[in-house]
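>>> below are the sequence and a predicted model for it; my questions follow.
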Amino acid sequence: MIGSTLLERRSKPERIADQAWRHLTSTVNSAGDSVRDTARSTRRNGLAFADDAGDLVGAAAEEARRRAVAAFDALAGRRAALPWALLVGAALAGAAIGWAAGSAARAIGNRSERDLDDVEFVDVNRPSSPASLDT
């Protein structure tokens, strides 16, 4: 009760200032919670972004390292190793294409021989032909 009578005895400007102070602290606390939530979500998003950027930088660093080793070898006069996997793959692809082309050529050759057996040649005398062709 003593506190309630003290509050009532204050002047109007003091009561208004007290009310404004309570309102201000409430607003600041609520804004602090909002800022804290925003900071947490920003930190989570920032960590994900940093992780993605780290992966990208890691890939770029690996490519840079590979190129630097190749440049160092070239400056040292060493030749690059042959890409054996690529060479073997190209040889196998060439063998497969050659086998397919040979099979197709044999099939066409067999069909044309059968067609020639069925063809009947006819000798035709043409009276209007030039003189040297019919002899």
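Yes, it's here.
>>> got phi/psi on residue 23?
Comment: the main-chain dihedrals of residue 23 come out as phi -60, psi -40, following degrees, to the nearest 10.
>>> relative to residue 10, how far out is it?
From residue 23 across to residue 10, the span is 17 Å (C-beta to C-beta, to the nearest Å). (Glycine included, C-beta is placed from N, CA and C.)
>>> what of residue 92?
In this structure, residue 92 and residue 10 are 97 Å apart, going by C-beta to C-beta.
>>> for the chain, what helix or strand is lowest in average pLDDT?
The element with the least model confidence among the helices and strands of the chain, by mean pLDDT, DSSP states H and E, is helix 2-9, at a mean of 58.
>>> quick one, grab the pLDDT at the most centrally placed residue in the chain.
The geometric centre of the chain, computed from its C-alpha atoms, lies nearest to residue 56 (C-alpha atoms, centre = their mean), at 12.1 Å. Here, the pLDDT recorded for residue 56 equals 74.
>>> flag the shaky bits of the chain, pLDDT-wise.
1-9, 112-135 (pLDDT under 70).
>>> which segments of it make up each domain?
As recorded under automatic domain parsing, the domains making up the chain are 9-81, 82-117.
>>> and residue 60, how close does it get to residue 73?
Between residue 60 and residue 73 the distance, using C-beta to C-beta, works out to 20 Å.
>>> circling back to that earlier point, from residue 93, how far out is the residue nearest to the centre of the chain?
Distance, residue 56 to residue 93, using C-beta to C-beta: 34 Å.
>>> and for residue 74?
With C-beta to C-beta as the criterion, residue 74 and residue 93 are 29 Å apart.
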